[in-house]
Structures are given as structure tokens and as C-alpha cells.
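In: Give me a 3D structure for the following:
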Amino acid sequence: MQLKISGRIFIFGDNIDTDQIYPGRYLELTAKADIASHCMEGARPGFAKEVKKGDIIVAGKNFGCGSSREHAAITLKEAGISAVVAESFARIFFRNAINLGLPVITCKQIRDRVKEGEILEIDLATGEIINRTTGEIYQGEGLSEFVLRIIENGGIKPLFKEKYGD
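Out: The predicted structure is shown next:
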């Protein structure tokens, strides 16, 4: 498994809720491309056209608060976001992201230490984050071996299918 992720960052504030990540009015959509086209629309209209595969979201506190629906994590993953680094996460969003195979790393004060467009490299196991633009190093919380296995398999369902079959 690739334990390190590198990508360009987009910065968001505190309390980015699930309706900002994926507005509820699109819940009837099922095609992955359609879902991805509305990524972060409630927080930054047009974001889905800016983001490229491998990009990273950096946010403040309580990222993913709001409803418990999985669509917020689905739209981020389908839009190509390789990881979300935030000062803190809403508990249910954090679990949904892991269950869907989207890496989420907690790192205190990260948002105030980076600038939009910089390149970060994240070691998922140790939580070390290197700003490849400035050379600064930040320490986030690494993911457990079990969580890394979930991420490696693309989510909890693929992990169980691999382990137990269909």
C-alpha cells in the first residue's frame, strides 16, 4: 500500500458541514461522475471543476459536521480528493470517510500554517506532513494498522469481501 500521499491543497474553514460538502438537493443522483460534479458546492461553488485527482483538502475544526449520510465522503473520493487533513472532524464523517476508503488525518493548527496551492506529502502511518513547497514539517495523528488496511482495500466493504468472499 502507498502509505504516503502527495497533492496540492485547497483550504476550507471551520464547521464545514455535510450539506456544504454535498448539498442535500442532489441526493437522488447515483452516477459517480454526477455526484463528483457537486463536490464542495455549498462551500465553494465551482470547486468540482478546480479539483484534480490527488488533491488534498485542508480544513479547520469540525469538518464534516451535520448529517450522518455517506454522500459527503463519497463526493470527495469520487472528485479525486486523496485525503482530508483537518484540525478536527465530526465523529460520524470521520468514520464514514474511513469506511469508504478516504484517508482523514487530524493535525492541530494545520489550516493556519499552510497556504492554498502548496503541496503536502502525508505519511498516513505516522501522521507526519511535509510541506513540499516550504519545507516545513507538521505532526498529525497517524492511522492505525487496521484503518490502513481499510484504506488500502478501498473501504470496509471491499476489505470484508477480500477476507470473507461475496
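In: in the helix or strand bottoming out on mean pLDDT in the chain, what counts as buried?
Out: Lowest by mean pLDDT, DSSP states H and E among the helices and strands of the chain is helix 156-164, with a mean of 85. When burial is assessed from 16 or more other C-beta atoms under 10 Å, helix 156-164 yields the following buried residues: Ile156, Leu159. To be clear about C-beta, it is placed using only N, CA and C from the backbone, and glycine gets the same treatment.
In: What of stretch 41-52?
Out: For stretch 41-52, by 16+ other C-beta under 10 Å, it's Glu41, Gly42, Ala43, Phe47, Ala48, Val51.
In: Ok, stretch 15-25 next?
Out: Ile16, Asp17, Thr18, Asp19, Gln20, Ile21, Tyr22, Pro23.
In: sorry, back to before: the buried residues of stretch 41-52: which two are farthest apart?
Out: The span of those, defined through C-beta to C-beta, is set by Gly42 and Val51 at 14.7 Å.
In: thinking again about what came up before, redo the buried residues of stretch 41-52 as TSV? Include pLDDT and distance to Ala73.
Out: Output for the buried residues of stretch 41-52, formatted as TSV (pLDDT from 0 to 100; distance: C-beta to C-beta, whole Å):
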residue	pLDDT	distance to Ala73
Glu41	96	15
Gly42	96	15
Ala43	97	15
Phe47	98	16
Ala48	97	15
Val51	97	15
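In: what's the closest of the residues you listed to Ser6?
Out: Among these, and counting by C-beta to C-beta, the member closest to Ser6 is Val51, at 15.2 Å.
In: gap between that closest one and Phe10?
Out: 7 Å (C-beta to C-beta, to the nearest Å).
In: residues bridging contact with the two, i.e. touching both?
Out: Contact criterion C-beta atoms under 8 Å, 6 or more residues apart in numbering; residues shared by Val51 and Phe10: Met40.
In: can you give me the strands for this structure?
Out: Along the chain, the stretches classed as strands by DSSP state E are 4-11, 56-59, 83-86, 104-106, 119-123, 128-131, 137-139.
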